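**Student:** Any chance you could fold what I've pasted below:
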Amino acid sequence: HGAWAVLVDGEGAVAWSHGAPDDVPASFTPNELAMAAHYANIDDYPAFFWNRDDGLLAVGFPKGTYWHMGLTFPASTVRMVPFYLLLVFAVDLGILFTVYAVSRRRTQRAVGPIADALDALSEGRAAELRLKGDLREIGDQITEASGIIEQKDAARANWIRGVSHDIRTPLSMILGYADALAADGRVPEDARAQAALIRAQGLKIKDLVTDLNTASQLDYDMQPMRLERVHAARLLRTVAAAHANSGLDEAHPIELDIAEDALNAVVLGDERLLTRAVENAISNARLHNEQGCTISVELALRDNAYCTIRVSDDGAGIAAADLAALEARLARSRTARSAAGSFNRDHGLGLVLVDRIARAHEGSLSLDGAPGEGFSVTLALPLA
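**Tutor:** As a prediction, this is how the structure comes out:
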C-alpha cells in the first residue's frame, strides 16, 4: 500500500524509520507531534499513531489515500439526539400525511362525480358526466350507459301504458256484459253465477292493470305526485262507500271506524295515490279470504304527528313464517329500482304499492297478523 513508518523517541527525534519520504522531518517538537496526532497526518501524509514503550510509532501512507474528519459535539447535543430523531420522524410523518391527504382529496375530487353518477343510476335517475384527463373515457361511458337505460325505461313505461290502454276498452265491455247478464232475471241461475264470476275476475284484471300503471308512474315519474291537503276521514268514507255499494262481494262487509280526534285529520299528499293504497289494502283482505270476512277500516292519530289508517280483517290470518317472508319481500322492494319488478304471483303488486305510496308521502307501512286472528295493514302518514 506504499506505507512507511517512523519511530519518534521521547526527545522528539526519529530513532527509526522505514521507507519514509524525504520531506518527512527527522525530529518533531511536542507541539508538532500533538498537531500531527490530532489531524492524523504528517506533512499532508495520512498517518496512524501508536504509543509504544520505546516511543511513538507513526505509520504513514501516500498523500490522498485517506481522508480524516474529526467531529466534536457538546454533551448536551448528544443527549438531545433521540429527541432530534423523534422530531425528524414526526416531520416525516407529517409530510407523509400531508401528501396522503392531498392525494386523497384529489382522488375524491376526481372519483366523487363518478360515484354520484353511479348512485343516480342505481336510483333510476339520469347521469351525465363531463370529465377531463384520464377519467374522461369512463365519464363518457357512464353518460352513454345512462342514456341507454333511460331509453329502455321510457320504452318499458310506454309499453305498459299502451298495453293498459289497449286492455281497458275490451275489459270494460266484458265487465259491462257480464254485469248485465248477472243482473238479468231471464238468464238461468247457473249462467248468472258464471257471469258474476267473469265480472269478479275481470275486476281483478282491472285492478292489476291499475296497479301496473301506478307502479309505472311511481317508477318513472310519468305522472308526478299532485300534492294537496287531503281530508283523511273523507277519503276513507269515499273508499268504504264505493266498496259497500259495489254489490260485488257480500261475503266481505266493510266497517269504518274514525276516532273522534281524527275527524279533521289532514295529510299533504296525492289523493289519487292514497285512495289506491287503501283500495289495495282492502283488496288484499278480500283476495286472501275467499270464504268471507269482515273488513275494518280505522283512522286514528298517533303522537299528534301522524294519522294512521289501519285496514284489518278477521279472516284466516297469516303464519309467522309467511309474515316474515312478506316483510322481507317488502324490504327488498324498497331497494329495487322498479316497483313493477317486484311483481309476485301470489301477492301481485298490492302491498308493494301500498308501501311505496306510503314512503312517497314520507310515511311507513307495518303488517301484523296471526293464524286464525286475521291480518292488518297500517299506514302511518305525517299530518299536514
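**Student:** what does the model give the closest residue to D116 other than its chain neighbours for pLDDT?
**Tutor:** Excluding the flanking residues, the one nearest D116 by Cβ to Cβ, 6 or more residues apart in numbering is A127, at 7.8 Å. Any C-beta I mention is one placed from the backbone N, CA and C, and that applies to glycine too. A127 is assigned 80 on the pLDDT scale.
**Student:** Isn't A127 up against S146?
**Tutor:** Yes: counting by Cβ atoms under 8 Å, A127 does reach S146; the two are 4.3 Å apart.
**Student:** More neighbours: which of those two?
**Tutor:** Legend: neighbour count by other Cβ atoms under 10 Å for A127 and S146, higher for A127 (22 against 19).
**Student:** on contacts alone, who are the packing partners of the host helix or strand of L235?
**Tutor:** Taking DSSP states H and E as the definition, L235 sits inside helix 232-245. Judged by 3 or more Cβ pairs under 8 Å, 6 or more residues apart in numbering; DSSP states H and E, helix 232-245 is in contact with strand 254-258, helix 271-287, strand 295-302, strand 306-313.
**Student:** One more pass at 10 Å, please.
**Tutor:** On a contact count with 3 or more Cβ pairs under 10 Å, 6 or more residues apart in numbering; DSSP states H and E, helix 232-245 meets strand 254-258, strand 266-269, helix 271-287, strand 295-302, strand 306-313.
**Student:** chain center to stretch 61-76: distance?
**Tutor:** 65 Å (Cα atoms, centre = their mean, to the nearest Å).
**Student:** I'd like the numbering to begin with 590 instead of 1 from here.
**Tutor:** Noted, 590 is the first residue going forward, which turns the last one into stretch 650-665.
**Student:** Name the residues of that stretch that are buried.
**Tutor:** In terms of neighbour count (16 or more other Cβ atoms under 10 Å), stretch 650-665 has its buried residues at F650.
**Student:** pLDDT wise, what is the residue positioned nearest the centre of the chain at?
**Tutor:** By Cα atoms, centre = their mean, the mean C-alpha position of the chain lies nearest to D708, the distance being 7.8 Å. pLDDT for D708: 80.
**Student:** follow-up on the earlier one: between the helices and strands packed on helix 821-834, which gets nearest to L724?
**Tutor:** helix 860-876 (40.8 Å; Cβ to Cβ).
**Student:** Which among the helices and strands packed on helix 821-834 is found nearest to S606?
**Tutor:** Closest to S606 of these, according to Cβ to Cβ: strand 895-902, at 111.1 Å.
**Student:** just checking, what packs against the closest one?
**Tutor:** Right, strand 895-902 is packed against helix 821-834, strand 843-847, strand 855-858, helix 860-876, strand 884-891, helix 939-949, strand 953-958, strand 964-971 by 3+ Cβ pairs under 10 Å, 6+ apart.
**Student:** Mind checking what helix or strand follows it in sequence?
**Tutor:** Using DSSP H and E, the next helix or strand after strand 895-902 towards the C-terminus is helix 909-924.
**Student:** Go ahead and produce PDB holding the CA coordinates of that next one.
**Tutor:** Taking C-alpha atoms only, helix 909-924 is exported to PDB below (Å, rounded to 0.1, in the frame of the first residue of the first chain):
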ATOM      1  CA  ALA A 909     -95.400 -16.200  11.200                       C
ATOM      2  CA  ALA A 910     -93.100 -17.600   8.500                       C
ATOM      3  CA  ASP A 911     -95.300 -16.200   5.800                       C
ATOM      4  CA  LEU A 912     -95.500 -12.800   7.500                       C
ATOM      5  CA  ALA A 913     -91.700 -12.700   7.800                       C
ATOM      6  CA  ALA A 914     -91.400 -13.600   4.100                       C
ATOM      7  CA  LEU A 915     -93.800 -10.900   3.100                       C
ATOM      8  CA  GLU A 916     -92.000  -8.300   5.200                       C
ATOM      9  CA  ALA A 917     -88.700  -9.400   3.600                       C
ATOM     10  CA  ARG A 918     -90.200  -9.000   0.200                       C
ATOM     11  CA  LEU A 919     -91.300  -5.500   1.000                       C
ATOM     12  CA  ALA A 920     -87.800  -4.800   2.300                       C
ATOM     13  CA  ARG A 921     -86.300  -6.000  -1.000                       C
ATOM     14  CA  SER A 922     -88.700  -3.900  -3.000                       C
ATOM     15  CA  ARG A 923     -87.600  -0.800  -1.100                       C
ATOM     16  CA  THR A 924     -84.100  -1.200  -2.600                       C
END
